[in-house]
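Colleague: What would the 3D arrangement of this be:
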Amino acid sequence: MSLMAAFDVPASLTHQAAVALRREILTARIYPGETLSEALLSQHLGLGKAPVRAALARLAEEGLVQAVPRRGWVVSLVTIRDIHEVFGLRILLEPEAARMAAGRVDATLLRDLDAVCACGYQPGDEDSTYAFLSANKAFHVALAELSGNGRLARQIDRLLDESTRMLALGLRRRDRTGEMAHEHHTLIEALALGHPEEAATIMREQVMASRAMVLSALTAPDATTAV
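Modeller: Numbers count the residues shown, from 1 in each chain. Below you'll find the predicted structure:
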């Protein structure tokens, strides 16, 4: 039996609730460790409890929330181990994808690069944070797909879902969006020129810099996120 059948909720309402909650969790408007009330979320989203409950179950499958006995739902924590594991895998996989994509710049990648640069990121603004993180993920996924290895691209796509929330937490402390956009431009140049090793190096350095930003934010003495 599917989740939708189990909860007997119209898929469109569940999807609407899941999209809204995922956005607030990924942009850290709802912080790791927060307890979620179905009643309050239902009021906040203007939806019934049933689609909210079904959406939370969907987000639990994605690892963004957890069902806790006698507490209801809790937003999953971001741990130091999570950061090292997720970014460690990105460092292993994304440089290789960039190496394989050298010489294969296409219109989709250039469009996604334009979106990264045009998002108008404003620190502390949820809409611009979401726009930037969405554009950044689209760019990295498009590049991974240019590698020609579908399984590699799908693995990177999943890792980017996990690292998006980490980046949002890091950007609360330090705005690295300008640097990231510049690094994307440099990467595009290496790809366009067909320089695989240079492209791989740029990608590795970019992912490592993002990991450092996130770790710095979450280990600061006054950080409020439990890690």
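
Colleague: count of neighbours near the spatially closest residue to Tyr130 that is not a sequence neighbour?
Modeller: Of all residues not flanking Tyr130 in the chain, Thr27 sits nearest, at 5.1 Å (Cβ to Cβ, 6 or more residues apart in numbering). Any C-beta I mention is one placed from the backbone N, CA and C, and that applies to glycine too. Per other Cβ atoms under 10 Å, the neighbour tally for Thr27 reads 25.

Colleague: quick one: contacts for Thr27?
Modeller: Going by Cβ atoms under 8 Å, 6 or more residues apart in numbering, Thr27 touches 126, 129-130, 133, 168.

Colleague: and Ala101, how many neighbours?
Modeller: 27.

Colleague: Apologies, that question was intended for Thr35.
Modeller: 11.

Colleague: Look up the residues forming beta bridges with it.
Modeller: When bridges are called by DSSP bridges, Thr35 pairs up with Val74.

Colleague: Pull out the buried members of the contacts of Thr27.
Modeller: For those, a burial check counting by 16 or more other Cβ atoms under 10 Å picks out 129-130, 133, 168.

Colleague: can you tell me which of these are in helices?
Modeller: Of these, the ones assigned to helices by DSSP state H are 129-130, 133, 168.

Colleague: Farthest-apart pair in the buried ones among the contacts of Thr27, please.
Modeller: Using Cβ to Cβ, the buried ones among the contacts of Thr27 span at most 8.5 Å, a distance reached by Tyr130 and Ala168.

Colleague: Which residues are in contact with each of the two?
Modeller: Taking Cβ under 8 Å, 6+ apart as the contact rule, Tyr130 and Ala168 both touch 26-27.

Colleague: which among the ones in helices among the buried ones among the contacts of Thr27 gets closest to Met203?
Modeller: Using Cβ to Cβ, Leu133 comes nearest to Met203 of those, at 17.8 Å.

Colleague: so what's that closest one closest to, chain neighbours aside?
Modeller: Thr164 (5.1 Å).

Colleague: ok, the contacts of Thr27 vs Val65, which is closest?
Modeller: Among the contacts of Thr27, Ala168 lies closest to Val65 (Cβ to Cβ), at 15.8 Å.

Colleague: list the contacts for the residue most central in space within the chain?
Modeller: For the chain, the residue nearest the mean C-alpha position is Thr164 (2.1 Å; Cα atoms, centre = their mean). Residues near Thr164 by Cβ under 8 Å, 6+ apart: 26, 133, 137.

Colleague: Equivalent analysis for Thr177, please.
Modeller: Thr177 sits in contact with 119, 121, 132, 171, where contact means Cβ under 8 Å, 6+ apart.

Colleague: Poorly predicted segments of this structure, please.
Modeller: 1-11, 222-227 (pLDDT under 70).

Colleague: what are the ranges of the helices in it?
Modeller: Taking DSSP H, the helices of the chain run over residues 3-7, 11-26, 38-45, 49-61, 80-101, 107-118, 126-145, 150-171, 177-192, 196-218.

Colleague: Please identify the deepest-packed of those.
Modeller: helix 126-145 (a mean of 21; mean count of other Cβ atoms under 10 Å).

Colleague: now the angle from that one to helix 177-192?
Modeller: Our comparison of helix 126-145 with helix 177-192, counting by axes from the mean of the first three to the mean of the last three Cα atoms, to 10 degrees, yields an angle of 20 degrees.
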